[in-house]
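Peer 1: I would like to see how this sequence folds:
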Amino acid sequence: MTASLIGNLAHDYRHIIRIAGGILIILFGIHMSGLYSFRLLNMEGRLHMQKKPLHMLGAFLIGMAFAAGWSPCMGPQLGSILIMAGSRETIWQGTALLGIYSAGLAIPFLVLSFSINYLVQFLQRAKKAVRFVNITAGILLIAMGILLLTDKLTLLVVTV
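Peer 2: Have a look, this model is predicted:
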(Lines give C-alpha, C1' and ligand atoms only; values in the text may rest on other atoms or scores of the structure.)
Protein backbone atom coordinates (compact mmCIF):
# COMPACT_ATOMS: atom_id res chain seq x y z
CA MET A 1 0.00 0.00 0.00
CA THR A 2 2.83 2.40 0.83
CA ALA A 3 4.59 1.72 -2.47
CA SER A 4 1.34 2.37 -4.35
CA LEU A 5 0.80 5.63 -2.47
CA ILE A 6 4.34 6.83 -3.17
CA GLY A 7 4.02 5.74 -6.80
CA ASN A 8 0.79 7.72 -7.21
CA LEU A 9 2.35 10.81 -5.61
CA ALA A 10 5.42 10.49 -7.82
CA HIS A 11 3.19 10.12 -10.89
CA ASP A 12 1.24 13.25 -9.99
CA TYR A 13 4.47 15.26 -9.67
CA ARG A 14 6.49 13.52 -12.40
CA HIS A 15 7.14 16.74 -14.34
CA ILE A 16 8.58 18.47 -11.28
CA ILE A 17 10.62 15.36 -10.41
CA ARG A 18 11.90 15.14 -14.01
CA ILE A 19 13.01 18.79 -14.07
CA ALA A 20 14.58 18.66 -10.59
CA GLY A 21 16.32 15.40 -11.50
CA GLY A 22 17.63 16.88 -14.76
CA ILE A 23 19.05 19.90 -12.95
CA LEU A 24 20.64 17.70 -10.30
CA ILE A 25 22.21 15.40 -12.91
CA ILE A 26 23.59 18.43 -14.81
CA LEU A 27 25.13 19.74 -11.57
CA PHE A 28 26.68 16.31 -10.92
CA GLY A 29 28.07 16.34 -14.47
CA ILE A 30 29.55 19.82 -14.04
CA HIS A 31 31.19 18.69 -10.79
CA MET A 32 32.47 15.41 -12.20
CA SER A 33 33.89 16.99 -15.35
CA GLY A 34 35.81 19.51 -13.28
CA LEU A 35 34.13 22.59 -14.77
CA TYR A 36 33.17 23.66 -11.25
CA SER A 37 33.76 21.93 -7.95
CA PHE A 38 30.90 21.99 -5.44
CA ARG A 39 32.27 21.86 -1.90
CA LEU A 40 29.25 19.91 -0.66
CA LEU A 41 29.97 17.07 -3.11
CA ASN A 42 33.60 16.83 -1.98
CA MET A 43 32.76 16.32 1.69
CA GLU A 44 33.30 12.97 3.31
CA GLY A 45 33.05 11.56 6.78
CA ARG A 46 35.87 9.62 8.35
CA LEU A 47 36.60 8.28 11.76
CA HIS A 48 40.15 9.23 12.78
CA MET A 49 41.46 7.11 15.60
CA GLN A 50 44.64 7.81 17.53
CA LYS A 51 45.31 4.13 18.14
CA LYS A 52 44.46 1.58 15.45
CA PRO A 53 42.67 -1.56 16.71
CA LEU A 54 45.10 -4.23 15.48
CA HIS A 55 43.63 -7.07 17.50
CA MET A 56 40.80 -9.55 16.86
CA LEU A 57 38.11 -7.29 18.33
CA GLY A 58 39.35 -4.38 16.21
CA ALA A 59 39.17 -6.48 13.05
CA PHE A 60 35.67 -7.58 14.04
CA LEU A 61 34.55 -3.96 14.57
CA ILE A 62 36.06 -2.84 11.25
CA GLY A 63 34.26 -5.74 9.56
CA MET A 64 30.97 -4.70 11.16
CA ALA A 65 31.44 -1.11 9.94
CA PHE A 66 32.27 -2.36 6.45
CA ALA A 67 29.17 -4.57 6.43
CA ALA A 68 26.97 -1.69 7.59
CA GLY A 69 28.29 0.46 4.75
CA TRP A 70 27.67 -2.31 2.23
CA SER A 71 24.19 -3.28 3.43
CA PRO A 72 22.29 -0.96 1.08
CA CYS A 73 24.30 -2.31 -1.86
CA MET A 74 24.27 -5.99 -1.00
CA GLY A 75 20.94 -6.28 0.82
CA PRO A 76 18.72 -6.84 -2.22
CA GLN A 77 21.05 -9.49 -3.67
CA LEU A 78 21.44 -11.31 -0.37
CA GLY A 79 17.69 -11.14 0.24
CA SER A 80 17.04 -12.65 -3.19
CA ILE A 81 19.55 -15.46 -2.60
CA LEU A 82 18.03 -16.18 0.83
CA ILE A 83 14.55 -16.40 -0.71
CA MET A 84 15.82 -18.69 -3.45
CA ALA A 85 17.74 -20.84 -0.94
CA GLY A 86 14.67 -21.10 1.27
CA SER A 87 12.54 -22.30 -1.62
CA ARG A 88 14.86 -25.18 -2.65
CA GLU A 89 13.70 -28.77 -2.21
CA THR A 90 16.57 -29.78 0.10
CA ILE A 91 18.69 -27.95 2.62
CA TRP A 92 21.80 -28.93 0.62
CA GLN A 93 20.53 -27.14 -2.50
CA GLY A 94 19.93 -23.98 -0.47
CA THR A 95 23.33 -24.34 1.17
CA ALA A 96 24.97 -24.72 -2.24
CA LEU A 97 23.32 -21.49 -3.46
CA LEU A 98 24.49 -19.61 -0.37
CA GLY A 99 27.97 -21.11 -0.72
CA ILE A 100 28.26 -19.98 -4.35
CA TYR A 101 27.04 -16.50 -3.38
CA SER A 102 29.57 -16.33 -0.54
CA ALA A 103 32.41 -17.51 -2.79
CA GLY A 104 31.47 -14.93 -5.41
CA LEU A 105 31.66 -12.25 -2.76
CA ALA A 106 34.82 -13.53 -1.03
CA ILE A 107 37.06 -14.52 -3.95
CA PRO A 108 37.51 -10.98 -5.34
CA PHE A 109 38.48 -9.74 -1.87
CA LEU A 110 40.97 -12.59 -1.42
CA VAL A 111 42.52 -11.92 -4.84
CA LEU A 112 42.68 -8.22 -4.01
CA SER A 113 44.35 -8.87 -0.66
CA PHE A 114 47.05 -11.03 -2.27
CA SER A 115 47.70 -8.54 -5.06
CA ILE A 116 47.35 -5.23 -3.21
CA ASN A 117 50.91 -4.12 -4.05
CA TYR A 118 50.29 -4.60 -7.78
CA LEU A 119 46.97 -2.80 -7.50
CA VAL A 120 48.59 0.22 -5.84
CA GLN A 121 51.20 0.37 -8.62
CA PHE A 122 48.50 0.08 -11.30
CA LEU A 123 46.45 2.86 -9.72
CA GLN A 124 49.52 5.11 -9.65
CA ARG A 125 49.97 4.58 -13.41
CA ALA A 126 46.25 4.96 -14.10
CA LYS A 127 45.96 8.44 -12.51
CA LYS A 128 46.28 10.12 -15.92
CA ALA A 129 43.38 8.11 -17.32
CA VAL A 130 41.15 8.85 -14.33
CA ARG A 131 40.97 12.54 -15.30
CA PHE A 132 39.89 11.63 -18.85
CA VAL A 133 37.29 9.17 -17.52
CA ASN A 134 35.89 11.81 -15.14
CA ILE A 135 35.63 14.42 -17.91
CA THR A 136 33.91 11.94 -20.24
CA ALA A 137 31.51 10.76 -17.52
CA GLY A 138 30.75 14.39 -16.60
CA ILE A 139 29.93 15.26 -20.22
CA LEU A 140 27.66 12.21 -20.45
CA LEU A 141 25.90 13.23 -17.22
CA ILE A 142 25.36 16.77 -18.53
CA ALA A 143 23.94 15.38 -21.78
CA MET A 144 21.61 13.02 -19.88
CA GLY A 145 20.49 15.87 -17.63
CA ILE A 146 19.69 18.06 -20.64
CA LEU A 147 17.75 15.21 -22.26
CA LEU A 148 15.82 14.72 -19.03
CA LEU A 149 15.15 18.44 -18.65
CA THR A 150 13.85 18.76 -22.21
CA ASP A 151 11.83 15.53 -21.87
CA LYS A 152 13.74 13.96 -24.77
CA LEU A 153 15.20 11.10 -22.75
CA THR A 154 12.10 8.90 -23.13
CA LEU A 155 12.09 9.55 -26.88
CA LEU A 156 15.74 8.50 -27.07
CA VAL A 157 15.10 5.32 -25.06
CA VAL A 158 12.06 4.33 -27.15
CA THR A 159 13.82 4.85 -30.51
CA VAL A 160 16.94 2.92 -29.48
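
Peer 1: distance of G104 from T95?
Peer 2: Counting by C-beta to C-beta, to the nearest Å, the gap from G104 to T95 is 15 Å. Glycine gets a C-beta too; all of them are placed from N, C-alpha and C.

Peer 1: Spell out which helix or strand contains R88, please.
Peer 2: For R88, there is no helix or strand it lies in under DSSP states H and E.

Peer 1: Number the residues from 791 up from this point.
Peer 2: In the new numbering, first residue 791, that becomes R878.

Peer 1: how about the closest residue in space to it that isn't next to it in sequence, what does it touch?
Peer 2: Excluding the flanking residues, the one nearest R878 by C-beta to C-beta, 6 or more residues apart in numbering is G884, at 4.3 Å. G884 is in contact with M874, A875, G876, R878, counting by C-beta atoms under 8 Å, 6 or more residues apart in numbering.

Peer 1: Just the buried ones from those residues?
Peer 2: A875 (16 or more other C-beta atoms under 10 Å).

Peer 1: List the ones among the contacts of G884 that fall in helices.
Peer 2: Counting by DSSP state H, the part of the contacts of G884 found in helices is M874, A875, G876.

Peer 1: Can you tell me how far the nearest residue to A875 once chain neighbours are set aside is from G869?
Peer 2: Spatial nearest neighbour of A875, excluding adjacent residues (C-beta to C-beta, 6+ apart): G884 at 3.5 Å. According to C-beta to C-beta, G884 and G869 sit 14 Å apart.

Peer 1: and whichever strand or helix holds I871, what does it pack onto?
Peer 2: Per DSSP H and E: I871 is located in helix 846-876. Helices and strands touching helix 846-876, by 3 or more C-beta pairs under 8 Å, 6 or more residues apart in numbering; DSSP states H and E, are helix 881-904.

Peer 1: for the helix it packs on, what is the average pLDDT?
Peer 2: Helix 881-904 shows a mean pLDDT of 87.

Peer 1: Show the subsequent helix or strand relative to that helix.
Peer 2: helix 906-915.

Peer 1: Name the residues that touch the helix or strand that that following helix is followed by?
Peer 2: Downstream of helix 906-915, the first helix or strand assigned by DSSP H and E is helix 917-939. Defining contact as C-beta under 8 Å, 6+ apart, one finds that helix 917-939 is touched by 808-809, 811-825, 943, 946.

Peer 1: From those, which land in helices?
Peer 2: Using DSSP H, those in helices are 808-809, 811-823, 943, 946.

Peer 1: buried subset of those residues?
Peer 2: In the ones in helices among the contacts of helix 917-939, burial by neighbour count holds for 808, 811-812, 815-823, 943, counting by 16+ other C-beta under 10 Å.
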